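Q: coords please:
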Amino acid sequence: MGRVICPANLNKAGEGMEQTEEWIFVFDSGLGGISVLRELVQVLPGERFLYFGDSQNAPYGTRSTEEVRSLTEASIAAFLPRGIKAIVVACNTATAAAIESLRAQYPDKIIIGMEPALKLAAERHAGGRILVMATNVTLREEKFCALMDRFSSVCRVVPLPCPGLVEYIEAGCLDTPEVRQHLHHLLSPALAGGVDAIVLGCTHFPFLKPLIQELAGPCVEILDGALGAALQTRRRLESGALLRPAAQGTVEFHNSLNTPEILDISARLLDARR
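A: Have a look, this model is predicted:
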């Protein structure tokens, strides 16, 4: 898989990019969606991925639903003229706030959203206690509440708002004393009641999976929705005969901060250990 780090002088709409109908656009409120991009690259190695992170406005999890929807729609609209065959909203918060409006605006586009892997957790741990780590916006939206109600008879679902984690990941801090202390503060009370599985309901959080696993212990399964989103993307492309013929795939990074530092962190996160 080839990789291009876009120069910082490119604007938000990706000025200078080749205008073809071959791009898969991957959007996140910042850098968290790169955890989904990693799975997409594995599942669709011949595709051309255009990643945009809105780090300038991150974190989305502390914003109103209306703000998140507006930011998401504006970012996607800015890149559509560049030739996008599929859109992956690689952000649980943006999915909860904007996925329905996006599908209404672009009924002819393949649009894939994120969903916490609660179904899988409930299937594997029926009768167990499932912790869902997510942002405030994700947890308060109707989409998640309906999902929680659906499985409440199968397992005990415990929502856990996790403020502050996104900011550490946006700064490239994946294993520092400060991150460890913050995670301990967030998780310890919930873990004290016993947990069978942890669902990572924010695409930033898989970058902290090794630390979360360390705190939770080896018997607690940790799940996220990245692979499911990647497989769904492939299914939709296959059904629409839109898969790119066998070729070398590429990844291009863009970010609303437009700094060499944020693009360097993006590349490092793509290669970060799982």
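Q: my guess is residue 105 meets residue 69, correct?
A: No. Between residue 105 and residue 69 there is no contact under CB atoms under 8 Å: 11.0 Å. Using the backbone N, CA and C atoms, a C-beta is placed for each residue, glycine as well.
Q: Looking at the two, which has the bigger crowd around it?
A: Ranked by neighbour count (other CB atoms under 10 Å), residue 105 and residue 69 place residue 69 first, with 20 against 13.
Q: Residue 99 is in contact with the more buried one, correct?
A: No. Using CB under 8 Å, residue 69 makes no contact with residue 99, being 9.6 Å away.
Q: and residue 219, how many neighbours?
A: 8.
Q: Let's verify it: helix, strand, or coil?
A: At residue 219 the chain is in coil, as set by DSSP: H, G, I helix; E, B strand; the rest coil.
Q: who are the neighbours in contact with the nearest residue to residue 179 once chain neighbours are set aside?
A: Closest residue to residue 179 apart from its sequence neighbours, by CB to CB, 6 or more residues apart in numbering: residue 168 at 5.0 Å. Listed by CB atoms under 8 Å, 6 or more residues apart in numbering, the contact set of residue 168 reads 174, 176, 178, 179, 182, 208.
Q: Follow the chain on from the helix or strand residue 168 falls within and name the next helix or strand.
A: Using DSSP states H and E, the element containing residue 168 is helix 165-170. Downstream of helix 165-170, the next assigned helix or strand under DSSP H and E is helix 177-191.
Q: contact partners of that next one?
A: Residues outside helix 177-191 that contact it (CB under 8 Å, 6+ apart): 131, 133, 158, 160, 162, 164-165, 168, 173, 208, 211-212, 215-216.
Q: Mind jotting down where the helices sit in the chain?
A: Ranges of helices within the chain are 34-43, 65-79, 92-105, 118-124, 136-140, 142-151, 165-170, 177-191, 209-216, 226-239, 260-270, based on DSSP state H.
Q: Using TSV, lay out the ones you listed together with distance to residue 246 and mean pLDDT.
A: Converted to TSV, the helices of the chain look like this (distance: least, CB to CB, whole Å; pLDDT from 0 to 100):
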stretch	distance to residue 246	mean pLDDT
helix 34-43	15	97
helix 65-79	26	97
helix 92-105	30	96
helix 118-124	31	96
helix 136-140	37	89
helix 142-151	37	91
helix 165-170	34	94
helix 177-191	41	97
helix 209-216	32	97
helix 226-239	14	97
helix 260-270	22	92
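Q: Figure out which of these is closest to residue 23.
A: helix 65-79 (8.1 Å; CB to CB).
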